[in-house]
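*Asks:* the following comprises the amino acid sequence and a computationally predicted model.
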Amino acid sequence: VGTACDGTACDGALGPSAVLDHPARQHTACCNYRVSMRRGVQLLRQGLLQSYRQLHTGNAPAARNTTTFPSWLSNGAGRIRTPLTEPYPGVVSGPGYNLPQGLPPTEVTTLSNGARIVSEASMGPTASMGVYVNSGSIYETAQTTGASALLECLAFKATKHRDTMRIMKEVELLGANIAANGSREQMGYTVDCLRSFLPAALELLCDCVINPAFVEYDVEEQKTRLHMLLSNPDIQLTLLTELLVREAYSGGLGHPLIPDPTNLQHLTPDALAQFVKQNYTGKRLVLAGAGLQHQQLVDLAAPMLERLPAGQDASEIEPASQYRGTHAYLPGSAPHANLILAFEYTGGWRDIQGSVIMTVLTYLLGGGNSFSSGGPGKGMHSRLYTRVLNYHNWVHSCSSFSNTLNNTGLMGIQASCDPPFAQKMLDVMCGELESLTRPPPAEQLERAKLMALSLIQTALESKAASAEDLGRQFLTYGHRVNLREYEQMIHAVSGKHIAEFTRRLLSSTPSLAAYGEGADKLDYSGLVQRYKQINYTDRSVNSGFPAPAGGLQTVFDKLKQGLTGGGGGGSSSGSFSSSSGDRSNSSRRSFI
């Protein structure tokens, strides 16, 4: 120290990151750096030497030397020695935060035109809002076929007060997430943002839903985008599901949700505007929010939503549909044979008890694919995994399938396999469903129920999922089925309920959809004959729960009193499908 440094020593000490433009600055910085390094080495040497002497002599010092290495690190006598598990002496603790023990209440306000505003004031700095409308492909006519799919693509485009660029800029400034979803029976528009941006985000959401402009350029651009999306070979399974539902029903549910992208010329801006005017009315609309104050939501939204005409309730004009079963084949080539085998269960979402059993049955079947189990332990103990994937090396994937609608639904199995084994794959799928006409083992059933509860509760931790659940439940049921009630119903499911539900399921006409190599040679007539020869149960028998003659609350009261049933069985990794959380399984999910 004190001697002059040459350039090499300074550069080496400072390292390559130092850029000093003057020799004097280089010398001063280098010397300061070397002094501090030497002081640190001296203190480290003293501390290690003292620790070594104490270790070998066994004599601890009477007073702590503040110049030793440990004291140097801990700032000597100023070190805090109070454990974190004990209160700090001399500090008076303030009142703690009392975590709410129950679920946040659901608050509802009905406007003069019948529009409903529902919300739950859950904790957190973010908020989620959504406008949900009883409108979808079932309400389309020959002149408006494909309108719901195109409206989903045109969501958050130009309105009567904003152009598309301004909407995108406002969304970016808010730091918001926007999304839209079109299905056969419902449309949804959602926005997530910080609570502080609630007024601006809500005004933007309502403007995009109520006042779409349908600019010619935007309409034609989204037609082209839709054509490109539907030309992607990766969505073949989505198209197969669409074909299955479309062909399995007559009436409203037989209307295509995914249109022919080459035949959209009839969807002009005027036709879209007329479709919105007829279907986006007060009695068919719900504004749902999570993570915000209800009165604030009402004060902000009521002036905008009350401008809508009241219209008719959806239940008065909902088109009728009839299940008939089908054998659908999707043209095209694929290296594997892909199959979906499904049966109808009557009631759909509005049969809450049946939908609960369907949810448990979905996880009981579970499944996955031969490449990955989807994560450690996920679905590896489900029936389709242990009884199919682990047993047949020619099976590439096998999992439960469900597509639930308001008053009906499809439940079954989807799978893919090597082309020569397509017919055998179909027989295996039939055998797995038939095996559940008897109560499954109790251990499997409890695992399936816990899996369903875990995923439902995890999903509802998201404000976006909670708001969507609120909106869709009010459209479907007219009220909220909260998580605690749903948990009680899941726990009440027994092996007897599963067996009775499966027998009722298999008593309907089977529906089969397939594509890929070898899938065109499946024997559908033999499949139909197979289930005609077996009379599983009377289709009028309900799902095993008490009949809801006294209303939904009566059903819940009976469930709380206890239900009789057989032993249980089953686990799963199937897709989440329930009336809580993301109840939008394949029937609600956006194909875009």
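*Replies:* Happy to help now that I have it. Residues are numbered from 1 along each chain as shown.

*Asks:* check contacts around the closest residue to Gln293 other than its chain neighbours.
*Replies:* Nearest residue to Gln293, sequence neighbours excluded (CB to CB, 6 or more residues apart in numbering): Ala121, at 5.8 Å. To be clear about C-beta, it is placed using only N, CA and C from the backbone, and glycine gets the same treatment. Each residue near Ala121 by CB atoms under 8 Å, 6 or more residues apart in numbering is listed here: 104-105, 107, 291-294.

*Asks:* against Ile178, how distant is Gly325?
*Replies:* Distance, Gly325 to Ile178, by CB to CB, to the nearest Å: 39 Å.

*Asks:* check Ala442 too.
*Replies:* From Ala442 to Ile178 the distance is 46 Å (CB to CB).

*Asks:* so between these two, which is more surrounded?
*Replies:* Regarding Ala442 and Ile178, a neighbour count based on other CB atoms under 10 Å identifies Ile178 as having more, with 19 against 15.

*Asks:* okay, and the beta partners of that one?
*Replies:* When bridges are called by DSSP bridges, Ile178 pairs up with Val191.

*Asks:* again, but for Leu410
*Replies:* So, taking DSSP bridges as the rule, Leu410 has Glu344, Asn403 as bridge partners.

*Asks:* and for the one 4 residues further on?
*Replies:* Here Gln414 sits in beta bridges with Ile340, Ser399, going by DSSP bridges.

*Asks:* please list all residues in contact with it.
*Replies:* 237, 338-341, 397-401.

*Asks:* now neighbour count and distance to Leu426 too, for those, in TSV please.
*Replies:* TSV is the format used below for the contacts of Gln414 (neighbours: other CB atoms under 10 Å; distance: CB to CB, whole Å):
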residue	neighbour count	distance to Leu426
Leu237	18	17
Asn338	25	12
Leu339	27	6
Ile340	23	10
Leu341	25	7
Ser397	19	15
Cys398	29	12
Ser399	25	15
Ser400	27	16
Phe401	26	14
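
*Asks:* tell me the one among these nearest to Ala200.
*Replies:* Checking these against Ala200 by CB to CB gives Leu237 as the nearest, at 39.2 Å.

*Asks:* list the contacts of that closest one.
*Replies:* Contacts of Leu237 by CB under 8 Å, 6+ apart are 338, 414.

*Asks:* now do the same for it: helix, strand or coil?
*Replies:* helix (DSSP: H, G, I helix; E, B strand; the rest coil).

*Asks:* could you measure from it over to Ala342?
*Replies:* For Leu237 relative to Ala342 (CB to CB), the value is 14 Å.

*Asks:* check Leu204 too.
*Replies:* Following CB to CB, the distance that separates Leu204 from Ala342 is 40 Å.

*Asks:* who has more neighbours, those two?
*Replies:* Relative neighbour count places Ala342 above the other of Leu204 and Ala342, with 27 against 24, counting by other CB under 10 Å.

*Asks:* how many residues are close by the residue nearest to that one when sequence neighbours are not counted?
*Replies:* Closest residue to Ala342 apart from its sequence neighbours, by CB to CB, 6+ apart: Gly412 at 3.5 Å. Residues lying near Gly412 (other CB under 10 Å) number 26.

*Asks:* now do the contacts for Gly412.
*Replies:* Residues near Gly412 by CB under 8 Å, 6+ apart: 340-343, 400-402, 429, 433, 511.

*Asks:* again, only using 7 Å
*Replies:* 340-343, 401, 433 (CB atoms under 7 Å, 6 or more residues apart in numbering).

*Asks:* distance to Gly90 and pLDDT for those residues - can I get that in JSON lines?
*Replies:* JSON lines is the format used below for the contacts of Gly412 (distance: CB to CB, whole Å; pLDDT from 0 to 100):
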{"residue": "Ile340", "distance to Gly90": "70", "pLDDT": "96"}
{"residue": "Leu341", "distance to Gly90": "72", "pLDDT": "97"}
{"residue": "Ala342", "distance to Gly90": "70", "pLDDT": "97"}
{"residue": "Phe343", "distance to Gly90": "71", "pLDDT": "97"}
{"residue": "Phe401", "distance to Gly90": "65", "pLDDT": "95"}
{"residue": "Leu433", "distance to Gly90": "70", "pLDDT": "96"}
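
*Asks:* what is the nearest of those to Pro95?
*Replies:* When the contacts of Gly412 are compared against Pro95 (criterion: CB to CB), the nearest one is Phe401, at 52.6 Å.

*Asks:* low pLDDT regions in this protein?
*Replies:* 1-33, 51-79, 96-100, 370-380, 535-592 (pLDDT under 70).

*Asks:* now do the strands in it.
*Replies:* Ranges of strands within the chain are 106-110, 116-120, 126-133, 177-182, 187-194, 249-251, 285-290, 321-323, 327-329, 337-344, 367-369, 395-404, 409-417, 511-515, based on DSSP state E.

*Asks:* Glu152 is nearest to which of those strands?
*Replies:* If you check each of those against Glu152 by CB to CB, strand 177-182 wins as the nearest, at 3.7 Å.

*Asks:* what angle do the closest one and strand 187-194 make?
*Replies:* With axes from the mean of the first three to the mean of the last three CA atoms, to 10 degrees as the basis, strand 177-182 and strand 187-194 are set at 170 degrees to each other.
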